[in-house]
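> how does the following fold in three dimensions:
(4 chains)
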Number of protein chains: 2
Amino acid sequence: MTATPAPAAEADWLRLDHQICFSLHAASRAFNGLYRVLLKDLGLTYPQYLVMLVLWEQGDLPVKKLGEHLRLDSGTLSPLVKRLEAAGLVRRERSTRDERSVEVRLTEEGAALRERALEVPRRIAAATGFDPHEIGELRERLDALTAALDAAALQEAPGCP
Amino acid sequence: MTATPAPAAEADWLRLDHQICFSLHAASRAFNGLYRVLLKDLGLTYPQYLVMLVLWEQGDLPVKKLGEHLRLDSGTLSPLVKRLEAAGLVRRERSTRDERSVEVRLTEEGAALRERALEVPRRIAAATGFDPHEIGELRERLDALTAALDAAALQEAPGCP
DNA sequence: CACAATTAAGTTGTGCACAACTCAATGACC
DNA sequence: GGTCATTGAGTTGTGCACAACTTAATTGTG
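So this is what the prediction gives:
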């Protein structure tokens, strides 16, 4: 034992941080990469696919609601949805009830694309090599992580009531 | 049992996919968001922090080696490293041994920043609410996932020997 | 030696994420 | 009813990720 308890421990923290944050970053990009390959045929990017998943599941939604489901703001969604519209998968229509709101509606083509998308999640699941139970467990872990991180970020934020 | 085994199961696949891919996407962005807050004082973005972590741990490295550690290509790293150079944290120097290669070297300022960065991983770990063992476990799971996804993406790729 | 293939950086173009902002519609309050 | 704060989309600017490409240096092979 030395007088200085553990000078290396500090570096170990940075090392651990390197490991965990890099692992998550890499996993996210790896997922993105595989989806990129699998979604190429459908002409969708990964975030566009997420939007389509929500629309297929929830039906037509205003941009605001889409953003709540996906935790994305209008700065991300506006151009993304415009690209989906350009691809003929959705229409954007001003709500008559509230003229601020824009409804995103699936076109026939957009609704039909769902059939072709059914194969994607199976292939993703197969690629992970995880069984459904493991996937579910990992998902829970990640959701807990997200919730904890969001709470912490709020606390760290400049003005935190 | 009906003649059609489970017509709803197809939709469930899309739903599960929605869950897991969204969870990972959200966790990655949540991490990014918290790092954004914690790194603001250091004047670093999250990917820039990753580069600095590698340099602090490994010492000066050519861009190529940096990319191997972080799985990033020159298209991402070149402008990023230039921004680090503009911030005075690194210098870029053509290798004399191999003029194709560019060595990224920490400046005094860049090396000194490490002291201030030591606090970051502790605060991140605290924010997750996970103990070191859980973090390690999650990391292993994510690394396994990344490896499986990378392998699958390779197999799916156009030309796969 | 010469010349083709490979390699390391860098560039260009597209799309996503997010902060900070504008603008118009809505709602609340006096 | 008029004013003002709030809300929903959208825009702008910065930075990251990645594909496709260019350029220059190096290596391999005849």
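
> write out the residues of chain A neighbouring DNA strand C.
Counting by CB under 7 Å from any atom of the strand, chain A comes close to DNA strand C at A:45-48, A:71-76, A:79-80, A:83, A:98-100. Just so you know, the C-beta spots here come from the backbone N, C-alpha and C atoms, and that holds for glycine as well.

> pull the most distant pair out of these.
Greatest spacing in the residues of chain A next to DNA strand C, by CB to CB: A:46 and A:99 (32.1 Å).

> which one's more surrounded, these two?
Higher neighbour count among residue A:46 and residue A:99: residue A:46, with 16 against 8, using other CB atoms under 10 Å in any protein chain shown.

> now do the contacts for the more buried one.
Residue A:46 makes contacts with A:31, A:32, A:35, A:36, A:39, B:21, B:25, as judged by CB atoms under 8 Å, 6 or more residues apart in numbering or on different chains.

> where helices are concerned, which of those count?
In helices, defined here by DSSP state H, the members of the contacts of residue A:46 are A:31, A:32, A:35, A:36, A:39, B:21, B:25.

> where in chain A is pLDDT low?
Residues of chain A that meet the criterion pLDDT under 70 lie in A:1-19, A:156-161.

> how about the nearest residue to residue A:143, chain neighbours excluded?
Of all residues not flanking residue A:143 in the chain, residue B:23 sits nearest, at 5.4 Å (CB to CB, 6 or more residues apart in numbering or on different chains).

> give the contact list for the one you found.
A:138, A:139, A:142, A:143, A:146.

> in which helix or strand does it reside?
In the assignment (DSSP states H and E), residue B:23 maps to helix B:7-39.

> show me where chain A has helices.
A:7-39, A:46-58, A:63-70, A:74-86, A:108-117, A:119-128, A:132-156.

> okay, the angle between the second one and helix A:74-86?
Taking axes from the mean of the first three to the mean of the last three CA atoms, to 10 degrees, helix A:46-58 and helix A:74-86 form an angle of 80 degrees between their directions.

> got the contact list for stretch A:69-78?
Contacts with stretch A:69-78, where a contact means CB under 8 Å, 6+ apart, come from A:47, A:50-51, A:54, A:58, A:61, A:63-64, A:66-67, B:22, B:26, B:29.

> if any of those residues are buried, give me the ChimeraX selection for them.
Typed into ChimeraX, the next command selects the buried ones out of those (criterion: 16 or more other CB atoms under 10 Å in any protein chain shown):
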select /A:47,50,51,54,61,63,66,67 /B:22,26,29
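
> need the contacts of stretch A:69-78 in TSV (columns: distance to residue A:113).
Shown next, in TSV, are the contacts of stretch A:69-78 (distance: CB to CB, whole Å):
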residue	distance to residue A:113
A:47	15
A:50	14
A:51	12
A:54	14
A:58	16
A:61	17
A:63	20
A:64	23
A:66	17
A:67	21
B:22	18
B:26	23
B:29	25
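
> I'd say residue A:36 and residue A:45 touch.
Yes - with contact defined as CB atoms under 8 Å, residue A:36 counts as touching residue A:45 (7.3 Å).

> can you list the buried residues in stretch A:112-128?
Under the neighbour-count criterion of 16+ other CB under 10 Å, stretch A:112-128 has A:113, A:114, A:117, A:120, A:121, A:124, A:125, A:127, A:128 buried.

> kindly check the end-to-end length of that stretch for me.
Using CA to CA, to the nearest Å, the end-to-end distance of stretch A:112-128 comes to 27 Å.

> coming back round to it: kindly reformat the helices of chain A as CSV containing distance to residue B:109.
Below are these laid out as CSV (distance: least, CB to CB, whole Å):
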stretch, distance to residue B:109
helix A:7-39, 17
helix A:46-58, 37
helix A:63-70, 39
helix A:74-86, 33
helix A:108-117, 50
helix A:119-128, 42
helix A:132-156, 25
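
> looking at those helices, which is nearest to residue B:91?
Residue B:91 lies closest, by CB to CB, to one member of the helices of chain A: helix A:7-39, at 21.6 Å.

> start and end of stretch A:101-114, how far apart?
In stretch A:101-114, first residue to last residue: 26 Å (CA to CA).

> can you tell me if it touches chain B.
Yes - with CB under 8 Å from any CB of the partner chain as the criterion, chain B is reached by stretch A:101-114 at residue A:114.

> how does chain A divide into domains?
Domain ranges of chain A: A:34-119, A:130-161, per automatic domain parsing.

> related to what we said a few turns ago, between the contacts of residue B:23, which is closest to DNA strand C?
residue A:146 (10.9 Å; CB to the nearest atom of the strand).

> how close does residue A:33 sit to residue B:134?
Here the criterion is CB to CB, to the nearest Å. By it, residue A:33 lies 27 Å from residue B:134.

> for the two, indicate the residue with more neighbours.
Taking neighbours as other CB under 10 Å, residue A:33 and residue B:134 compare with residue A:33 leading, 20 against 14.

> please name the nearest non-neighbouring residue to the more buried one.
residue B:153 (5.1 Å).

> got a list of what that neighbour touches?
In this structure, residue B:153 makes contact with A:30, A:33, A:34, A:37, A:127, judged by CB under 8 Å, 6+ apart.
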